[in-house]
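1. coordinates only, sequence not included:
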């Protein structure tokens, strides 16, 4: 291994001498370069080199070559010589990086990210190794669509070889027929090629226009039409039109072969793609986007054909109707428009959703419908211009009232879900309809969503808001809500009802009678479900509430009750130990004894918890004696039966 590394280092002599002779690097810097390269070379010669070794070497060489280029430019500027003759040091850096990439990809053939880094470097430096690297990448990763797309793009853009790019795309489609990206990029490449041919005809004066839409928005087109006198035409088109009319010229426009051929290409690729991917909805939408972005012959007929196929294949899927409805509010001539949705657009979109509900009467369809209306309302509230589009005189279409109708319809048809129910209640709260929201939340929570935690949390906040708005909290109002709350706290596992417990403890902490009832409920739930070893601990949370309100003695009495339950949980033990240690740090001997008892009980149940033993040992080191610390250390090693990260016993 040393001989191979030494041989490689000797081959760098000419490059290093050239760097020193040119004054780009000093002798000390070159010595450091040799040191770093030797270190990297030894890493690569290990029996099993890591990917990080290759990447680190490449990054170092790239940084070194960048520094060389900067110093070369500075030297050229200083000497005034704009063109320095290239020498061995100008090529050696790139060549070495290519060799390292070659070794890395040979070692890690399956790392596609590494292959793309290799290809990108070759492309950026326009290195002749690019073609061979692409062939190797395709050989090892024929099922990766991105490799075929990258190779075809390189042939098309860099080599200007459309035939080779088309051949690569065809091979890629045979290897990966179910890749959406390949089908879409193949269509874009073919249309781009036709557009280039069309542009070439325009430059030669043999044709006019392109296959791509102008990209001008409606306002810009209107302004140009209103100010035609500001523009001077390059040819007198209007005069030519008059002369053609006078001489009775042919009124039929000449057939645009490029537009016809573009349509033919799109039809061919489209038919092949839907055969390979009949269930891909996004593929159809991407084809429609490409069709609308290009100026092809009979494009409207093709668009209608694609839409008809989509309705035939996806009429039972909510995503189709959602997409179709949202198309009604998009300006096809100017998709980037920021103007608000008009009432007519909203009306057409609602009609689409209503038709979709006839085909797909499911909760997912209502979810898409409601989300669309919420987006419209949100956009409407952004500014005063948008709100003008939804006046009462405009077909009586109001997205807010329509959204309420949608929620009611979902409930009537039995398609309401927990998410939709939460949206319904939250929307009523946003409209300041607290009474209606409260009634609706109570209805949901007493019915099919009796154990829905999110809905109960929403109902809790609604009830508290109602009580605060209408009267001061009294026992009757609190009792009417506490009883159904008690049922859900007993039925739902503690880990799932964390939000409700926290809200209830926080609100009822100032009402002793109800807080005591919550404590009793928690006892029943903890006995049923057990405490927490990690994460949310209900018992520890209640103990902390009692500590803040009633003091340490009450908290100690309570945690003893919790510890008497089966499986109280490690979180409770740690919390109680912390409480006792806070007092023990002030010299309270009783608290120190209680902490020892808690530790002894905890390590009996959780005897393999290294962290618990570590805390026990640290406590004895700080507050106990050397004998007690040594005893804990001995017990820990005996129990764990392995070396643990405990401090040695104090002398």
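-> It's in. Just so it is clear, the structure is predicted and the values come from calculations on it, not from any experiment.

2. go through this structure and flag its longest helix.
-> helix 51-79 (DSSP state H).

3. next secondary structure after that one?
-> helix 88-107 (DSSP states H and E).

4. who's in contact with the helix or strand following that following helix?
-> On the C-terminal side of helix 88-107, the nearest following helix or strand under DSSP H and E is helix 112-124. Helix 112-124 is contacted from outside by 51, 54, 97-98, 101-102, 104-105, 108, 127, 129-130, 133-134, 137, 140-141, 144, 146-147, 150, 154, 158, using C-beta atoms under 8 Å, 6 or more residues apart in numbering. (Each C-beta comes from the backbone N, C-alpha and C, glycine too.)

5. swap in 10 Å and give it another go.
-> With contacts defined as C-beta atoms under 10 Å, 6 or more residues apart in numbering, helix 112-124 is touched by 51, 54-55, 58, 62, 94, 97-98, 100-102, 104-105, 107-109, 111, 127-134, 136-138, 140-141, 144, 146-147, 150-151, 153-154, 157-158.

6. ok and the longest helix of the chain relative to helix 112-124, angle-wise?
-> Comparing the axes of helix 51-79 and helix 112-124 via axes from the mean of the first three to the mean of the last three C-alpha atoms, to 10 degrees yields an angle of 20 degrees.

7. may I see the buried residues of helix 51-79?
-> Under the neighbour-count criterion of 16 or more other C-beta atoms under 10 Å, helix 51-79 has 53-54, 57-58, 60-61, 64-65, 68, 72 buried.

8. other SSEs contacting the helix or strand hosting residue 523?
-> Assigned by DSSP H and E, residue 523 belongs to helix 512-529. The contact analysis (3 or more C-beta pairs under 10 Å, 6 or more residues apart in numbering; DSSP states H and E) places helix 512-529 against helix 475-491, helix 498-508, helix 538-550, helix 552-563.

9. what's the distance between the nearest residue to residue 368 once chain neighbours are set aside and residue 286?
-> Leaving aside its sequence neighbours, residue 368 sits nearest to residue 322 (C-beta to C-beta, 6 or more residues apart in numbering; 3.9 Å). Distance from residue 322 to residue 286, counting by C-beta to C-beta, to the nearest Å: 16 Å.

10. more neighbours: which of those two?
-> residue 322 (21 against 18; other C-beta atoms under 10 Å).

11. in a helix, that one, correct?
-> Yes. Under DSSP: H, G, I helix; E, B strand; the rest coil, residue 322 sits within a helix.

12. roughly how far apart are it and residue 377?
-> 17 Å.

13. ditto for residue 516
-> Relative to residue 377, and taking C-beta to C-beta, residue 516 is found at 45 Å.

14. which one's more surrounded, the two?
-> A count of neighbours by other C-beta under 10 Å puts residue 377 above the other of residue 516 and residue 377, at 18 against 11.

15. pull out the buried residues from stretch 275-283.
-> Of the residues in stretch 275-283, those buried (16+ other C-beta under 10 Å) are 276-277, 280, 283.

16. how about the residues you listed in CSV, adding pLDDT, secondary structure and distance to residue 624?
-> As requested, the buried residues of stretch 275-283 are exported to CSV (pLDDT from 0 to 100; DSSP: H, G, I helix; E, B strand; the rest coil; distance: C-beta to C-beta, whole Å):
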residue, pLDDT, secondary structure, distance to residue 624
276, 94, helix, 74
277, 94, coil, 71
280, 94, coil, 69
283, 95, helix, 71
